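>>> After the sequence you'll find the predicted model.
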Amino acid sequence: MTLDRRSLIRTAALAAAVPALGALPSGRARAQAGTTLKIGVLTDMSGTYRDISGPTSVACVRQAVQDFGSHGFNVEVLTGDHQNKPDVGSNIARQWFDRDGVDVVVDVPTSSVGLAIAGVAREKNKVCLNSTSATSDLTGSACTPNTIHVTYDTYMLARSTGGAMVKAGGDTWFFITADYAFGHALERDTTRFVQAAGGRVVGSVKHPFPGTTDFSSFLVQAQASRAKVIGLANAGVDTVNAVKQAAEFGVTRRGTKIAVLLMFINDVHGLGLRTAQGLVCTETFYWDLNDRTRAFTSRVKDKLNNNYPAMSSAGNYASVLHYLKVAAEMGADKAKVSGAETVSRMKAMPTDDDVFGQGRIREDGRWVHPAYLFEVKKPEESKGPWDYYKLLQTTAADEAFRPLSEGGCPLVRG
Amino acid sequence: MASGSVTSPSGVPATAAAGHSMSILGYSGPQLAALAVLLALIAVGPFVLYPVFLMKLLCFALFACAFNLLIGYVGLLSFGHAAYFGMGSYIAGYCAKQLGLTPEISILAGTLVATLLGVAFGWLAIRRQGIYFAMITMGLAQMVYFFCVQAPFTGGEDGIQAIPRGRLFGIFDLAPDMHMYWLTAAVFLIGFFLVHRIVHSPFGQVMKAIRENEPRAVSLGYRADDYKLLAFVLSTALAGLAGATKSLVFGIATLTDVYWAMSGEVVLMTLLGGLGTIFGPVVGAAVIITMENYLAEFGAWVTVIQGVIFCLAVLLFRRGIVGEIGRFLKVQL
């Protein structure tokens, strides 16, 4: 009986602890005078995308708020972990909009969550600034007057990596493609750009998704094709596994280039230069690109817990800064009223920030800026921490993204 | 294990009401009290808490009740219930969005497809027991997952997005959250009462008899496989109903719903709440969903806290929250 009572007390203590934990965040909201703009960073704090978004994105958003300074209104930053589940993300976003008075949701990795949140933002007439979803549907068939897509999308990756790679001499390609819609789309788009630039695709092989861990047979096929470039049309763990095994096979040492269609600097860090050397990939931001990117990185670096911003997390700095500029111009009170109005003002104002430099936002919500094709350095070429990329090619802002007329965005026709 | 009354496998119609003088519709006194609390919470909830959150909670509570019907009362651990939940969600989403059907038809279509899937998979799976049963259900569920990754109508990893809630019977607009809430609450209560009715029917008594001692039930003349299959199909139908409702609540149907982690989550909910109790799955679902949503700010800690709670549940209160409360109060909840 004593045992029972003890276990019951423990149960009670636990039960008491759970609501206490839940109550913590609300204690943070302080009453302040004047209008408060609320920015919700909806991101992946615990899963696959933690390194390319998560806490780093939150730090970049806070940096933007800090750099923007005071303009007569308060800015509050909230964070939420969507755990890569669309229903969790959708629930948090709805609650933020309906109950907590959040005006803008930023970051949002994972395409399924990104699309869901864009829909919620439209329904509630708020603002969604997506930096980390890959799907080009956000500015295509699923575009809304409330969403801006920053940083990158699958079309841009295919164009930059496919087209620029051929110009740099890699004119025969072999694809290793993840066998699902995302992989197929990436392969199809890249093939088009390779062919348009005068290159040739000599073959492709599809690997099961998810859960492929052994890429050896695919790599052997790729090598046997004698293509100059092996294109990896997959993402995340699949890419990392394929790259590791390619290194074991010594693919790049024999002069074949591996073009990774979706990779971030954090993946390179995780792989290590010994394994990743010679990989070619596209990003729209690199911390060591120019004086402005270096200045931004040095400001934010100490808040990142030994991580560096990838294009995805850095894109949030640019989007939040631009949002705050527009809010200051139109008045914070008015910015709170209509998300669509705020977004259309954001499209009207040219962008200028340390991450992307000067750019603009198109009417379909696409933020256009240059895209850069990088090659990962050899270990002996790297001079310091995170000195990983050398620039191969730059695609100009106007060419990097899908032409306005091809996206099928309903906003464009009108 | 069975509620207060002495059970007879043949299950005369009066069994449910005979044992307890206080029982109404098969509910004992304490169960009635708990039911009153539950109904009160459902009625008052949306005025205090966020309705969308509560709708999600109700959908998962129904899902956990469906799962509990199988593991708690037949003793079959299915590790593939996400397949039926997810299929229900995809089909309902597809019907509402692409075919433009009304919400009630969409939900029923989702439920129907999940049921048919349950018939096929159940027919295969119930031939084995224990870990083999779990593995077969999991394997079949993974096949459904791969089907959903590849099939064009599911939208692959993007899922089906922007599913309209539509108008119930073509009349009531479900777009306002409160309207959708009452529909979800009604669906949940129908499912909840159905589970209770099944458990306390003669059929339910046989189910429990099979759980306790299958060879003996067979020797008494019951076709154990038929009972197990029917219980399996009922469970999958309710799981499909929960999934279909959820897709209309959020307007999305995605791979998360069919992923094996979802099968694990429902096991966790049921264990935490209390296996083989009527109210356990509801409480378990409430705890897990609340953690998912209200601890979202703590980021990586959500999964850690879930893990710790699961360990504590297994180590300290193995009967689950409701099971332990019931034992302490010496009542069957």
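Nice, thanks for sending it over.

>>> CA atoms for contacts and neighbours, from now on please.
Noted.

>>> how about low-confidence regions in chain B?
The model of chain B has pLDDT under 70 over residues B:1-25, B:296-297, B:299-300.

>>> Most distant residue from the centre of it?
Counting by Cα atoms, centre = their mean, the extreme residue of chain B relative to its mean C-alpha position is residue B:219, 31.1 Å from that point.

>>> Is there a neighbour count for the residue in the stretch 251-400 of chain A that chain B sits nearest to? I'd like the number.
Scanning the stretch 251-400 of chain A for the residue nearest chain B gives residue A:305, at 15.1 Å (criterion: Cα to the nearest Cα). Residue A:305 has 9 neighbours, counted by other Cα atoms under 10 Å in any protein chain shown.

>>> what residue is smack in the middle of the chain?
With no chain named, the answer covers chain A. residue A:132 (2.4 Å).

>>> let's do chain B instead
Here the mean C-alpha position of chain B is nearest to the C-alpha of residue B:63 (Cα atoms, centre = their mean), at a distance of 2.4 Å.

>>> Quick check, that residue in contact with residue B:84.
No - Residue B:63 is beyond contact range of residue B:84, at 9.8 Å (criterion: Cα atoms under 8 Å).

>>> which residues do those two both contact?
B:239, B:243 (Cα atoms under 8 Å, 6 or more residues apart in numbering or on different chains).

>>> what's the nearest residue to the closest residue to chain B within the stretch 101-250 of chain A if we skip its chain neighbours?
For the stretch 101-250 of chain A and chain B, the shortest gap (Cα to the nearest Cα) falls at residue A:112, measuring 4.2 Å. Residue nearest to residue A:112 in three dimensions, not counting chain neighbours: residue B:158, with 4.2 Å by Cα to Cα, 6 or more residues apart in numbering or on different chains.

>>> Could you do residue A:113 as well?
residue A:86 (4.4 Å).

>>> quick one: contacts for residue B:113?
Residues in contact with residue B:113, defined by Cα under 8 Å, 6+ apart, are B:87-88, B:91, B:240.

>>> ok, now with 7 Å
Going by Cα atoms under 7 Å, 6 or more residues apart in numbering or on different chains, residue B:113 touches residue B:88.

>>> next SSE after the longest helix along chain B?
Taking DSSP state H as the criterion, chain B has its longest helix at helix B:224-250. Next along the chain after helix B:224-250, taking DSSP states H and E as the criterion, comes helix B:260-273.

>>> what's that following helix in contact with?
Defining contact as Cα under 7 Å, 6+ apart, one finds that helix B:260-273 is touched by B:64, B:68, B:79-82, B:280-281, B:283-285, B:288, B:310, B:313, B:320-322.

>>> And stretch B:128-139, by the same measure?
Contact partners of stretch B:128-139, identified using Cα under 7 Å, 6+ apart, comprise B:76-80, B:125-126.

>>> same thing with stretch B:322-333?
With Cα under 7 Å, 6+ apart as the criterion, stretch B:322-333 contacts B:3, B:30-31, B:273-274, B:277-280, B:317.

>>> Pull out the buried residues from it.
Neighbour-count burial for stretch B:322-333 flags B:322-326, B:332-333 (criterion: 16 or more other Cα atoms under 10 Å in any protein chain shown).

>>> Output those in TSV; the columns should cover secondary structure and distance to residue A:149.
Converted to TSV, the buried residues of stretch B:322-333 look like this (DSSP: H, G, I helix; E, B strand; the rest coil; distance: Cα to Cα, whole Å):
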residue	secondary structure	distance to residue A:149
B:322	helix	47
B:323	helix	49
B:324	helix	51
B:325	helix	51
B:326	helix	53
B:332	coil	55
B:333	coil	51
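
>>> Get me the contact residues on the stretch 101-250 of chain A for chain B.
Counting by Cα under 7 Å from any Cα of the partner chain, the stretch 101-250 of chain A comes close to chain B at A:111-112, A:116, A:119, A:180-181.

>>> farthest-separated two in those residues?
Across those, no pair lies farther apart than A:119 and A:180, at 23.5 Å, counting by Cα to Cα.

>>> Who has more neighbours out of these two?
Neighbours per residue, other Cα under 10 Å: of residue A:119 and residue A:180, the larger number sits with residue A:119, 24 against 20.

>>> my read: that one touches residue B:162, true?
Yes - Residue A:119 lies in contact with residue B:162 (Cα atoms under 7 Å); the separation is 6.5 Å.

>>> Quick one: residues contacting residue A:228.
The contact partners of residue A:228, by Cα under 7 Å, 6+ apart, come to A:170-173, A:256-257.

>>> all helices for chain B, in order.
Going by DSSP H, chain B shows helices at B:15-18, B:29-48, B:51-73, B:81-97, B:103-125, B:130-150, B:177-199, B:202-212, B:214-219, B:224-250, B:260-273, B:280-294, B:301-315, B:320-328.

>>> And the stretch 251-400 of chain A, by the same measure?
Ranges of helices in the stretch 251-400 of chain A, per DSSP state H, counting those that start in this stretch, are A:265-271, A:273-276, A:291-300, A:311-330, A:332-337, A:339-348, A:397-400.

>>> one step back: distance of the residue nearest to residue A:113 from residue B:189?
Relative to residue B:189, residue A:86 is positioned 26 Å away (Cα to Cα, to the nearest Å).

>>> repeat for residue B:32
To residue B:189, residue B:32 is 14 Å away according to Cα to Cα.

>>> near chain B, which residues of the stretch 251-400 of chain A show up?
Counting by Cα under 7 Å from any Cα, the stretch 251-400 of chain A has no residue next to chain B.

>>> contacting residues for residue A:282?
Residue A:282 sits in contact with A:157, A:160-161, A:371-374, where contact means Cα under 7 Å, 6+ apart.

>>> switch to 10 Å and redo it
Residue A:282 sits next to A:152, A:156-162, A:164, A:259-265, A:311, A:371-375, A:391-394 when contact means Cα atoms under 10 Å, 6 or more residues apart in numbering or on different chains.

>>> host element of the residue lying closest to residue A:299 once chain neighbours are set aside?
Sequence neighbours aside, residue A:63 is the residue nearest to residue A:299 in space, at 7.9 Å (criterion: Cα to Cα, 6+ apart). Per DSSP H and E, residue A:63 falls inside helix A:54-68.

>>> elements contacting that helix?
If you count contacts as 3 or more Cα pairs under 10 Å, 6 or more residues apart in numbering or on different chains; DSSP states H and E, helix A:54-68 packs onto strand A:36-43, strand A:74-81, strand A:104-107, helix A:291-300, helix A:311-330.

>>> would CSV of these with mean neighbour count be doable?
What follows is the helices and strands packed on helix A:54-68, written out as CSV (neighbours: other Cα atoms under 10 Å in any protein chain shown):
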stretch, mean neighbour count
strand A:36-43, 25
strand A:74-81, 20
strand A:104-107, 29
helix A:291-300, 17
helix A:311-330, 24
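
>>> Export these to TSV and append columns for mean pLDDT.
Output for these, formatted as TSV (pLDDT from 0 to 100):
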stretch	mean pLDDT
strand A:36-43	95
strand A:74-81	93
strand A:104-107	96
helix A:291-300	95
helix A:311-330	95
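
>>> can you list these in JSON lines and add distance to residue B:174?
Listed next are the helices and strands packed on helix A:54-68 as JSON lines, based on distance: least, Cα to Cα, whole Å:
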{"stretch": "strand A:36-43", "distance to residue B:174": "27"}
{"stretch": "strand A:74-81", "distance to residue B:174": "27"}
{"stretch": "strand A:104-107", "distance to residue B:174": "25"}
{"stretch": "helix A:291-300", "distance to residue B:174": "46"}
{"stretch": "helix A:311-330", "distance to residue B:174": "33"}
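
>>> Among the ones you listed, which comes closest to residue A:190?
Counting by Cα to Cα, residue A:190 lies closest to helix A:311-330 out of these; the figure is 20.4 Å.

>>> Tell me how far stretch A:343-353 lies from the chain's centre.
Computed by Cα atoms, centre = their mean, to the nearest Å, the chain-centroid distance of stretch A:343-353 equals 20 Å.

>>> now do stretch A:90-98
21 Å.

>>> Could you give the average pLDDT over that stretch?
On average, the pLDDT along stretch A:90-98 is 91.

>>> Would you work out how far apart the start and end of stretch B:91-104 are?
So stretch B:91-104: terminal residues 13 Å apart, Cα to Cα.
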